[in-house]
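Trainee: Quick one, what's the 3D model for this:
(chains A and B)
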2 protein chains.
Amino acid sequence: MVTIKEIAKECGVSTATVSNILNGKKNVSDETRAKVMAVVERTGYTLNYVARGLRRQKTQTIGIIAEDIGQFTTPEMIEGVMEVCEDNGYKTIVQNLRFYSRWNDIWFDNEEMCNTMIYPVVQEMAAIQVDGIIYIAGHARKISKYPTQFNIPSVLTYAYSQDESVPSVVIDDEDAARVMVKYLIDHGHRKIGVLAGEQDNLHAKLRVRGYQKALYDAGILYNPDLIIYAGWGKEFGYRESAKMLEKGVTAVFCMSDQIAGGLYQYLFEHGMQAGKDISVVGFDNQVISDYFLPGLTTTKIDLVGIGRTAMNLLLDKLDGKETEKLIKVPCKPIKRQSVCKIK
Amino acid sequence: MVTIKEIAKECGVSTATVSNILNGKKNVSDETRAKVMAVVERTGYTLNYVARGLRRQKTQTIGIIAEDIGQFTTPEMIEGVMEVCEDNGYKTIVQNLRFYSRWNDIWFDNEEMCNTMIYPVVQEMAAIQVDGIIYIAGHARKISKYPTQFNIPSVLTYAYSQDESVPSVVIDDEDAARVMVKYLIDHGHRKIGVLAGEQDNLHAKLRVRGYQKALYDAGILYNPDLIIYAGWGKEFGYRESAKMLEKGVTAVFCMSDQIAGGLYQYLFEHGMQAGKDISVVGFDNQVISDYFLPGLTTTKIDLVGIGRTAMNLLLDKLDGKETEKLIKVPCKPIKRQSVCKIK
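Mentor: Presented below is the predicted three-dimensional model:
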């Protein structure tokens, strides 16, 4: 294989100049850079990353471990992480654990099962000497056994780390729900139903708390009967719609856009319309919510922001700075046409 | 750092046994495996991948290069590739070029610009000695300058390679369109409009050809005036709806579900309904199409299947087998309620 010396000789520059160009330093003229890169490309010269890492004690590489790239929340978080990495001269490599495609949803509360997959992947990241790891959960929950044996600075996103040495960046479920329900109250609604996820789910618990807070702030009695728990999907929303409407609510807070999609379907089949006959809000601002007719008012999760925040936190850790243990990234209400005023 | 010898000694087994366990071989009892893994985990032992790679001349690692993980077609293709990798004992690493988030859509026809990003990433894959590369395009087009200098067996997905040594796996746009339009014809439609992408786009060209074939097979005159070209988004579908309906068509073939979403919005605002007042079909079977009311009949792109096929093709290449140069993976019509019979 061609060496850096041979490239330098052929281009009539010093090996230091070639090295600077290969390492992305800016103190080289465009002309020289073009000349050297032409030779590099022609010869197929490859950097010896591991050797370079040993010299520098840093590989300038961040490992991203995703529980499932197919989960709708994941790609945007990866995008946010990569944006900050590029701005700071870090490369990234991604590992995908495929939890959903492997196990559907039985892994949510089974940390031991998850760790049979997580451990070897973190170990592999250690073997290729990444400087740090961003771990992207596919589902919000408490994680207490993230592998820390390898001493790689790590940050968890979308789940709550129970380990002091591993900080987390999550969405602010509680406040997002409070803001959304307050928006309904501001439109005159006082009897507001909730189509919620599973009762023991962390998202659901926090969003119910936000709902309760909004009611409390407005002096509205909390009636637990107005909450129906069951799941996150469209089927659930559709199935529980009749029961919810029988309660005489004027507005429904759906804990996912998919649940709202089921309610929309029920309304459609019964000649009713969101934003006219009843007010509906969702959660997530998935692409679908912009295609609902009328458009669904919902809560945007700032997924790119979570990724960016997590990576900035990791950079602070790599610089040896003291960092926060938990950052909640605020959500943002997206107002479309599914909420009407109560006269 | 702890060595494999020390682990073997502590567990009272041979170094070969430890090595077998670490390399995922199955000829070891569960008890021994558990004992060894406990020590491996406690000591934080990491495999030296590069050294192992040099010994074996293979790293059992496949590099996946995605043009943009955020593109809706990408995660499922990655999923398919990873499934086959796992079944065959290959690890994967993913690189994300972020073309859409970096450049919006100005990169489609600028291969030189793309290569400023592709080249260094393939080079990096060479440096970490992957056995092969799956390159996942974010947009169908012809690719003529995929970097082959590094002699890494590669397969392109979703785009058409112009290089004999790099095979491609793509969707069968033409036949998918033919099947969908035939479905409309079978429901009695003869005046079928098309809301198409850009005129010079490869998807659009092939799908128009499929549309023409279906008309030809049914003995229906082709009227070029019934095709409106402009783009792929909802806004375009909405904007061109009035013009399309004025043509007196009884059915509209939309070249994306998003375009169909725009048409649905127009119908909604004018008191009309798909599947009742006019027939509508989409393309892609994106999640949104299941939330349309009534549900949108559309074409499912078998993205997981493309990923699987590409990886199987790469395995054949790695085995030194002669492979096909181009595989077209068939699409599948998904029938919902947006098409009605013409009496």
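Trainee: How about A:Gly248: what's its closest non-neighbour residue?
Mentor: Among residues not flanking A:Gly248 along the chain, A:Lys191 sits closest, at 6.3 Å (CB to CB, 6 or more residues apart in numbering or on different chains). Where C-beta positions appear, they are placed from N, C-alpha and C, glycine not excepted.
Trainee: show me the contacts for the one you found.
Mentor: Neighbouring residues of A:Lys191 by CB atoms under 8 Å, 6 or more residues apart in numbering or on different chains: A:Leu226, A:Lys247, A:Gly248, A:Val249, A:Thr250, A:Ala251.
Trainee: Now the buried members of those.
Mentor: Neighbour-count burial (16 or more other CB atoms under 10 Å in any protein chain shown) applied to the contacts of A:Lys191 gives A:Leu226, A:Val249, A:Thr250, A:Ala251.
Trainee: Now do the third one, the pLDDT please.
Mentor: If I follow you right, that is A:Thr250. At A:Thr250, the pLDDT value in this model is 98.
Trainee: Now do the contacts for it.
Mentor: A:His189, A:Arg190, A:Lys191, A:Ile192, A:Ile278, A:Ser279, A:Ile342.
Trainee: Give me the subset of the residues you listed that lies in strands.
Mentor: A:Ile192, A:Ser279 (DSSP state E).
Trainee: ok, of the contacts of A:Thr250, which come out buried?
Mentor: For the contacts of A:Thr250, a burial check counting by 16+ other CB under 10 Å picks out A:His189, A:Ile192, A:Ile278, A:Ser279.
Trainee: related to what we said a few turns ago, Serialize the contacts of A:Lys191 to a markdown table and add fields for distance to A:Leu267.
Mentor: Below are these laid out as a markdown table (distance: CB to CB, whole Å):
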| residue | distance to A:Leu267 |
| --- | --- |
| A:Leu226 | 18 |
| A:Lys247 | 15 |
| A:Gly248 | 16 |
| A:Val249 | 13 |
| A:Thr250 | 14 |
| A:Ala251 | 13 |
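Trainee: tell me which of those is nearest to A:Thr17?
Mentor: A:Ala251 (66.8 Å; CB to CB).
Trainee: Wait, that closest one touches A:Ile278, no?
Mentor: Yes: counting by CB atoms under 8 Å, A:Ile278 is a contact partner of A:Ala251 at 6.8 Å.
Trainee: ok now do the closest residue to A:Ala204 other than its chain neighbours, which residues does it touch?
Mentor: Leaving out its chain neighbours, the residue that sits closest to A:Ala204 by CB to CB, 6+ apart is A:Gly197, at 3.9 Å. Remark: with contacts taken as CB under 8 Å, 6+ apart, A:Gly197 is in contact with A:His203, A:Ala204, A:Tyr229, A:Ala230, A:Gly231, A:Trp232, A:Met255, A:Ser256.
Trainee: Make a markdown table out of the contacts of A:Thr250 and add distance to B:Asp87 and pLDDT.
Mentor: A markdown table is the format used below for the contacts of A:Thr250 (distance: CB to CB, whole Å; pLDDT from 0 to 100):
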| residue | distance to B:Asp87 | pLDDT |
| --- | --- | --- |
| A:His189 | 53 | 98 |
| A:Arg190 | 56 | 97 |
| A:Lys191 | 54 | 98 |
| A:Ile192 | 49 | 98 |
| A:Ile278 | 49 | 98 |
| A:Ser279 | 49 | 98 |
| A:Ile342 | 57 | 89 |
